[in-house]
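Visitor: Test case, fold it:
(one chain, ligands or ions: 1)
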Amino acid sequence: MNRSLPVIGVVGTGYVGLCTAVGFASRGFKVITSTSDKLKADLINSGEPPFYEPGLKELLSEAVALGNLRCTLDREETVLESDITFITVGTPSLQDGSIDLSLVEASARDIGKALARKNKYHIVVVKSTVIPGTTVNLVKPTIEELSGKRAGIDFGLAMNPEFLREGSALYDTFNPDRVVIGEFDKRSGDVLEELYNSFYSGKVPIIRTNPFTAELIKYANNAFLALKISFINTIANICERVPDADVRDVAKAIGMDRRISPLFLNAGVGFGGSCFPKDLKALIAYSKKEGYEPTLLEEALRVNERQAIWIVDTAERKLGNLSGKVVAVLGLAFKPGTDDMREAPSIRIVKELLRRGAYVKAYDPAAIGNARKIFGDKVKLCESIVDCIRGSDCCMIVTEWDEFKDLAPSFFKENMRRPFIIDGRRIYDPKLFRSELEFEAVGLGGRST
Ligand code: UDX
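Guide: Numbers count the residues shown, from 1 in each chain. Model (predicted):
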């Protein structure tokens, strides 16, 4: 290995891959990435990220201009020209919730073929979220078979999970709470520890463990955060049955207990996105396959599914039969700051509204394009907030975009047929809104007087 900066290879150019690549390139590392999508490769090579992520375009275009980052369509080239190759390809859910490892396996095959042609020591690092055993029982034998080399002797192998969030992916890349290195062989662990210590100037704690544990750490981390959200949503549902209770105060107070921490205690219409639902399902499926029924995790998923329906039930309780009622949905993305609607609670909400016969209008500052693909013409997708709420019988806040937060009760009163707001993300002041119009909010108890 080059004692100066190792060359970094990254297989896969999704959130994890591109942010990892851009992160290293921005610190002066030479990085070569690969994708099978020519359009994506062309975009990256012209300095354009194939998806939106704050700050990514600036860092990517700079890295490309400086010659520190390029993208190839040839995976083997990524390995031949680098010292350390990260596998960051997607691991989607199969129909039964279990994980689809076909892209990881295909990457391992190409890496194996490339290593057969390479004499220099090389380290392969699995960064994709994979179930325990994948690195040692799938990636290792695949590479060994195709390269004719032995892991831990001829090449190094490690698992190094990634914890970045969409919308703050670069911030998370540069400021992780910790780095987890699951090493198959000590040499790989030493090299990666040195790499990350120099990248983070020794300021980020590094946990060294084995690949199986590292793989499980990623799932445990996401499962715990998902549990926290389902927990606070459960408390929210109880709060609604307690006069004057407010889940926000509950969350604030319990969050001050350092054993709990204040983060991920926002009650709402539930979690979505490309990770929590998928990872929870994969962990459940894995655990069951290994003979253990993880009922706690299954319940977290069920709570989450029901939580989206809470907002529809709340509308029906007030409006009666929803058939023919005009419902305005503000926010479709799974969280603010993204156009991503994968597993978004909005999808379950809109489908349930349609099933109960409501006429649905919706607005989102970023996700309208994706919404059109999902809902077609079943939903009236609006160009503005005012178009969306005009003439409606109920307005649901489903994603907490900043541009919804400053809307005054008078704005709703002037434009809605029946000024009735259901705040599914707790962005409005209940006192103010309740004094002006019909107002319900997640985790807000009825008035005692
Ligand atoms: C998540 C993890 O945070 C990240 O560590 C992992 O690598 C990938 O999955 P992401 O899916 O980008 O990241 O979004 P995140 O900000 O974690 O939010 C996930 C969902 O939980 C969103 O739908 C959000 O609205 C919801 N959420 C989050 C809540 O409902 N309440 C909260 O308090 C926090």
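Visitor: rest of the way, CA atoms for contacts and neighbours
Guide: Noted.
Visitor: which bits of the stretch 51-200 of the chain sit near the ligand?
Guide: Listed as neighbours of the ligand in the stretch 51-200 of the chain under the rule CA under 6 Å from any ligand atom: Glu162, Phe163, Leu164, Arg165, Glu166.
Visitor: What residues does Val269 make contact with?
Guide: Asn233, Asn304, Gln307, Ala308, Trp310, Ile311, Pro345, Val398, Gly424, Arg425, Val442 (CA atoms under 8 Å, 6 or more residues apart in numbering).
Visitor: Most neighbours among the residues you listed, which one?
Guide: Compared across these, Val398 has the highest neighbour count, 29 neighbours, by other CA atoms under 10 Å.
Visitor: How about the longest helix along the chain and the ligand, touching?
Guide: If you go by DSSP state H, the chain has its longest helix at helix 211-239. Yes - against the ligand, helix 211-239 shows contacts by CA under 6 Å from any ligand atom at Ile229.
Visitor: returning to what we had before: would you turn the residues of the stretch 51-200 of the chain next to the ligand into TSV with secondary structure?
Guide: Output for these, formatted as TSV (DSSP: H, G, I helix; E, B strand; the rest coil):
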residue	secondary structure
Glu162	coil
Phe163	coil
Leu164	coil
Arg165	coil
Glu166	coil
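Visitor: show me what contacts the residue lying closest to Leu94 once chain neighbours are set aside?
Guide: The shortest distance from Leu94 to any non-neighbouring residue, by CA to CA, 6 or more residues apart in numbering, is to Asp100 (5.6 Å). Counting by CA under 8 Å, 6+ apart, Asp100 makes contact with Thr91, Pro92, Ser93, Leu94.
Visitor: Give me the distance between Asp100 and the ligand.
Guide: 17 Å (CA to the nearest ligand atom, to the nearest Å).
Visitor: and what of Thr134?
Guide: Using CA to the nearest ligand atom, we find Thr134 at a distance of 18 Å from the ligand.
Visitor: before we move on, what about Ile427?
Guide: 13 Å.
Visitor: for the stretch 1-150 of the chain, which spans come out with low pLDDT?
Guide: 1-3 (pLDDT under 70).
Visitor: Would you mark the buried spots in the longest helix of the chain?
Guide: Of all the residues in helix 211-239, those buried under the rule 16 or more other CA atoms under 10 Å are 211-220, 222-239.
Visitor: Show me which residues of the stretch 201-350 of the chain are close to the ligand?
Guide: Counting by CA under 6 Å from any ligand atom, the residues of the stretch 201-350 of the chain that sit close to the ligand are 229, 264-268, 270-276, 334-335.
Visitor: Which of those scores worst on pLDDT?
Guide: When those are compared on pLDDT, Ser274 comes out lowest, with 90.
Visitor: tell me the domain ranges of this protein?
Guide: 8-209, 221-441 (automatic domain parsing).
Visitor: Could you single out the nearest of the contacts of Asp100 to Asp402?
Guide: Asp402 lies nearest to Pro92 out of the contacts of Asp100, by CA to CA, at 30.6 Å.
Visitor: can you pull the contacts of the closest one?
Guide: Per CA under 8 Å, 6+ apart, neighbours of Pro92: Ile99, Asp100, Leu101, Lys278.
Visitor: Using JSON lines, lay out those together with secondary structure.
Guide: Listed next are those as JSON lines, based on three-state DSSP:
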{"residue": "Ile99", "secondary structure": "strand"}
{"residue": "Asp100", "secondary structure": "coil"}
{"residue": "Leu101", "secondary structure": "coil"}
{"residue": "Lys278", "secondary structure": "helix"}
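Visitor: Between which two of those is the distance greatest?
Guide: Largest separation among these by CA to CA: Leu101 and Lys278, giving 13.1 Å.
Visitor: related to what we said a few turns ago, among the residues of the stretch 201-350 of the chain next to the ligand, which ones are buried?
Guide: Judged by 16+ other CA under 10 Å, buried ones among these: 229, 264-268, 270-276, 334-335.
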